[in-house]
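**Student:** Sequence and predicted structure are below.
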Amino acid sequence: MQISKNFVLEEFTKSMTATRFGIKNIPNKEELINLEDLCYEILEPCRAFFQKPIRISSGFRSLSLNQKLGSSDTSQHISGKAVDFEINGVSNMVVACWLRDNVNFDQLILEYYTGEPNSGWIHISFDSKDTNRKEVLVFDGKSYKPNLPDKKIINNNVVDLSKKTI
Ligand SMILES: [Zn+2]
(Lines give C-alpha, C1' and ligand atoms only; values in the text may rest on other atoms or scores of the structure.)
Protein backbone atom coordinates (compact mmCIF):
# COMPACT_ATOMS: atom_id res chain seq x y z
CA MET A 1 0.00 0.00 0.00
CA GLN A 2 1.41 3.36 -1.13
CA ILE A 3 1.43 5.94 1.67
CA SER A 4 3.33 8.74 -0.06
CA LYS A 5 5.01 9.32 -3.41
CA ASN A 6 8.07 7.17 -2.69
CA PHE A 7 7.08 5.04 0.29
CA VAL A 8 4.88 2.00 0.79
CA LEU A 9 3.47 0.82 4.11
CA GLU A 10 5.36 -2.48 3.94
CA GLU A 11 8.67 -0.61 4.30
CA PHE A 12 7.50 0.52 7.75
CA THR A 13 5.94 -2.73 8.96
CA LYS A 14 8.39 -5.32 7.66
CA SER A 15 10.26 -6.97 10.50
CA MET A 16 12.21 -10.21 10.61
CA THR A 17 11.38 -10.54 14.30
CA ALA A 18 7.64 -10.13 13.63
CA THR A 19 7.80 -12.75 10.88
CA ARG A 20 9.87 -15.15 12.95
CA PHE A 21 7.58 -14.97 15.97
CA GLY A 22 4.29 -14.59 14.11
CA ILE A 23 3.66 -11.15 15.64
CA LYS A 24 0.99 -9.02 13.99
CA ASN A 25 2.45 -5.68 12.97
CA ILE A 26 -0.32 -3.66 11.32
CA PRO A 27 -0.98 0.00 12.22
CA ASN A 28 -4.48 1.25 12.99
CA LYS A 29 -5.91 4.31 11.27
CA GLU A 30 -4.36 6.81 13.67
CA GLU A 31 -0.95 5.14 13.51
CA LEU A 32 -1.16 5.10 9.72
CA ILE A 33 -1.76 8.87 9.71
CA ASN A 34 1.35 9.26 11.89
CA LEU A 35 3.39 7.28 9.34
CA GLU A 36 2.05 9.51 6.56
CA ASP A 37 3.16 12.58 8.54
CA LEU A 38 6.66 11.08 8.84
CA CYS A 39 6.74 10.59 5.05
CA TYR A 40 5.48 14.05 4.10
CA GLU A 41 7.30 16.05 6.77
CA ILE A 42 10.63 14.21 6.91
CA LEU A 43 11.32 11.30 4.56
CA GLU A 44 10.10 12.76 1.25
CA PRO A 45 11.99 16.06 1.68
CA CYS A 46 15.12 14.10 2.67
CA ARG A 47 14.83 11.78 -0.32
CA ALA A 48 14.23 14.72 -2.64
CA PHE A 49 17.37 16.46 -1.42
CA PHE A 50 19.77 13.50 -1.52
CA GLN A 51 18.17 11.98 -4.62
CA LYS A 52 18.78 8.50 -3.30
CA PRO A 53 16.53 5.78 -1.92
CA ILE A 54 15.98 5.72 1.82
CA ARG A 55 16.54 2.36 3.47
CA ILE A 56 14.17 1.94 6.43
CA SER A 57 15.41 -0.53 9.03
CA SER A 58 12.57 -0.04 11.52
CA GLY A 59 9.35 1.94 11.29
CA PHE A 60 6.09 0.94 12.92
CA ARG A 61 6.24 -1.57 15.80
CA SER A 62 3.17 -3.00 17.46
CA LEU A 63 3.50 -3.06 21.24
CA SER A 64 4.19 -6.80 21.26
CA LEU A 65 6.84 -6.49 18.55
CA ASN A 66 8.45 -3.58 20.37
CA GLN A 67 8.54 -5.60 23.61
CA LYS A 68 10.01 -8.58 21.77
CA LEU A 69 12.77 -6.28 20.51
CA GLY A 70 13.49 -5.23 24.09
CA SER A 71 12.61 -1.60 23.44
CA SER A 72 10.89 0.74 25.92
CA ASP A 73 7.08 0.90 26.03
CA THR A 74 7.37 4.66 25.56
CA SER A 75 9.09 4.27 22.16
CA GLN A 76 7.56 6.47 19.46
CA HIS A 77 7.87 3.54 17.05
CA ILE A 78 4.74 2.07 18.71
CA SER A 79 2.55 4.93 17.54
CA GLY A 80 4.12 5.14 14.09
CA LYS A 81 5.78 8.44 14.97
CA ALA A 82 9.40 7.29 14.59
CA VAL A 83 11.53 5.71 11.90
CA ASP A 84 15.10 4.37 11.69
CA PHE A 85 16.82 4.67 8.34
CA GLU A 86 19.99 5.11 6.31
CA ILE A 87 20.84 6.39 2.85
CA ASN A 88 23.35 4.24 0.98
CA GLY A 89 26.51 6.18 0.18
CA VAL A 90 25.78 9.16 2.43
CA SER A 91 27.32 9.50 5.90
CA ASN A 92 24.76 9.33 8.68
CA MET A 93 26.38 12.45 10.14
CA VAL A 94 25.66 14.39 6.94
CA VAL A 95 22.07 13.12 6.85
CA ALA A 96 21.61 14.04 10.52
CA CYS A 97 22.94 17.58 9.95
CA TRP A 98 20.67 18.06 6.97
CA LEU A 99 17.62 16.87 8.90
CA ARG A 100 18.48 19.08 11.86
CA ASP A 101 18.60 22.16 9.63
CA ASN A 102 15.81 21.43 7.17
CA VAL A 103 12.87 19.50 8.61
CA ASN A 104 10.45 19.83 11.49
CA PHE A 105 10.96 16.95 13.94
CA ASP A 106 10.33 15.91 17.51
CA GLN A 107 13.51 13.95 18.24
CA LEU A 108 16.55 13.24 16.08
CA ILE A 109 19.08 10.68 17.28
CA LEU A 110 22.27 9.71 15.50
CA GLU A 111 22.39 6.13 16.80
CA TYR A 112 25.56 4.07 17.26
CA TYR A 113 27.69 6.56 15.36
CA THR A 114 31.42 5.98 15.90
CA GLY A 115 32.87 8.51 13.46
CA GLU A 116 32.96 6.06 10.56
CA PRO A 117 30.66 7.41 7.80
CA ASN A 118 28.77 4.12 7.52
CA SER A 119 28.40 3.56 11.23
CA GLY A 120 25.04 3.68 12.95
CA TRP A 121 21.73 4.93 11.64
CA ILE A 122 19.26 7.80 11.96
CA HIS A 123 16.32 7.67 14.36
CA ILE A 124 13.86 10.51 13.83
CA SER A 125 10.35 11.20 15.04
CA PHE A 126 7.53 13.61 14.25
CA ASP A 127 4.81 14.37 16.78
CA SER A 128 2.99 17.46 15.55
CA LYS A 129 4.05 20.92 14.42
CA ASP A 130 2.86 22.38 17.76
CA THR A 131 4.46 19.79 20.02
CA ASN A 132 7.73 18.85 18.31
CA ARG A 133 10.63 19.28 20.76
CA LYS A 134 13.43 19.56 18.17
CA GLU A 135 15.68 17.51 20.41
CA VAL A 136 18.99 16.39 18.88
CA LEU A 137 21.03 13.58 20.46
CA VAL A 138 24.01 11.41 19.60
CA PHE A 139 24.20 7.87 20.97
CA ASP A 140 27.61 6.17 20.73
CA GLY A 141 26.39 2.83 22.08
CA LYS A 142 27.05 3.83 25.68
CA SER A 143 25.52 7.21 26.44
CA TYR A 144 23.37 9.94 24.93
CA LYS A 145 24.91 13.34 24.35
CA PRO A 146 23.07 16.49 23.29
CA ASN A 147 23.62 17.99 19.83
CA LEU A 148 25.79 16.81 16.98
CA PRO A 149 29.54 16.74 17.66
CA ASP A 150 32.46 18.57 15.99
CA LYS A 151 31.16 21.79 14.60
CA LYS A 152 33.95 22.11 12.04
CA ILE A 153 33.11 18.85 10.31
CA ILE A 154 29.45 19.73 10.43
CA ASN A 155 30.07 23.07 8.76
CA ASN A 156 32.21 21.52 6.05
CA ASN A 157 29.51 18.99 5.37
CA VAL A 158 26.82 21.64 5.27
CA VAL A 159 28.86 23.55 2.68
CA ASP A 160 29.15 20.33 0.67
CA LEU A 161 25.45 19.74 1.08
CA SER A 162 24.40 23.10 -0.28
CA LYS A 163 26.55 22.46 -3.36
CA LYS A 164 25.14 18.94 -3.64
CA THR A 165 28.65 17.56 -4.19
CA ILE A 166 28.34 14.60 -1.84
ZN1 LIG B 1 14.31 4.17 16.35
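**Tutor:** Great, that's in hand. Numbers count the residues shown, from 1 in each chain.

**Student:** For residue 47, what is the enclosing helix or strand?
**Tutor:** If you go by DSSP states H and E, residue 47 is part of helix 44-50.

**Student:** Quick check: residues of this protein near the ion?
**Tutor:** 84, 123 (Cβ under 5 Å from the ion). Every residue, glycine included, has its C-beta placed from N, CA and C.

**Student:** In the chain, what residue spans correspond to strands?
**Tutor:** According to DSSP state E, the chain carries its strands in the segments 2-4, 7-8, 54-58, 82-87, 107-111, 121-125, 135-139, 144-146.

**Student:** need the ones you listed in JSON lines with mean neighbour count and mean pLDDT, can you?
**Tutor:** JSON lines is the format used below for the strands of the chain (neighbours: other Cβ atoms under 10 Å; pLDDT from 0 to 100):
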{"stretch": "strand 2-4", "mean neighbour count": "15", "mean pLDDT": "97"}
{"stretch": "strand 7-8", "mean neighbour count": "17", "mean pLDDT": "98"}
{"stretch": "strand 54-58", "mean neighbour count": "18", "mean pLDDT": "97"}
{"stretch": "strand 82-87", "mean neighbour count": "21", "mean pLDDT": "97"}
{"stretch": "strand 107-111", "mean neighbour count": "21", "mean pLDDT": "96"}
{"stretch": "strand 121-125", "mean neighbour count": "23", "mean pLDDT": "97"}
{"stretch": "strand 135-139", "mean neighbour count": "17", "mean pLDDT": "94"}
{"stretch": "strand 144-146", "mean neighbour count": "10", "mean pLDDT": "89"}
